[in-house]
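> My questions concern the predicted model and sequence given below.
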Amino acid sequence: MSPSDLGVDIKPHQEYLSYEEPPKRQGGGRVSSVDELINRMPYEQAVNPLRKFKLVFLGEQSVGKTSLITRFMYDSFDNTYQATIGIDFLSKTMYLEDRTVRLQLW
């Protein structure tokens, strides 16, 4: 019995995936800070009063991803370790010179 006998249409994975090159940034190169990233935004985007950025922390277990986020969010460090079960999500709004930025930390 084959998948087509069951009415299942199987296509090569390439037909489901699509990729577009991201637009070229002015100035190019990597950014070393959130502030630098925001400063490189085009003027039209900078006029928007609230910009949202999602930061996803990935890595092996027990390397300090949650501790890093906690330090950034609350300027504190918890010496007692409790493993994160599932997904943890925090949001922080930062008020810069001429913009408001909301960081979503996953």
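Yep, it's here. Treat the numbers as computed from the prediction; the structure is a model and nothing was measured.

> give me the low-pLDDT residue ranges for the protein?
Within the chain, the stretches with pLDDT under 70 are 1-32, 37-38, 40-49.

> which residues in it form helices?
With helices called from DSSP state H, the chain shows them at 34-39, 43-47, 65-74.

> Tell me the buried residues in stretch 50-59?
In terms of neighbour count (16 or more other Cβ atoms under 10 Å), stretch 50-59 has its buried residues at residue 51. All C-beta atoms are positioned from the backbone trio N, CA, C, and that covers glycine.

> what's the span of that stretch, first residue to last?
By Cα to Cα, to the nearest Å, the extent of stretch 50-59 from end to end equals 29 Å.

> which residues does the nearest residue to residue 94 once chain neighbours are set aside bridge with?
Closest residue in space to residue 94, ignoring its immediate chain neighbours: residue 101 at 4.9 Å, by Cβ to Cβ, 6 or more residues apart in numbering. Listed beta-bridge partners, residue 101: residue 51, residue 94 (assigned using DSSP bridges).

> can you offset everything so residue one is 653?
Yes, from this point I'll number from 653; that puts the last item at residue 753.

> hang on, residue 753 packs against residue 691?
No - Residue 753 is not in contact with residue 691 according to Cβ atoms under 8 Å; the separation is 11.1 Å.
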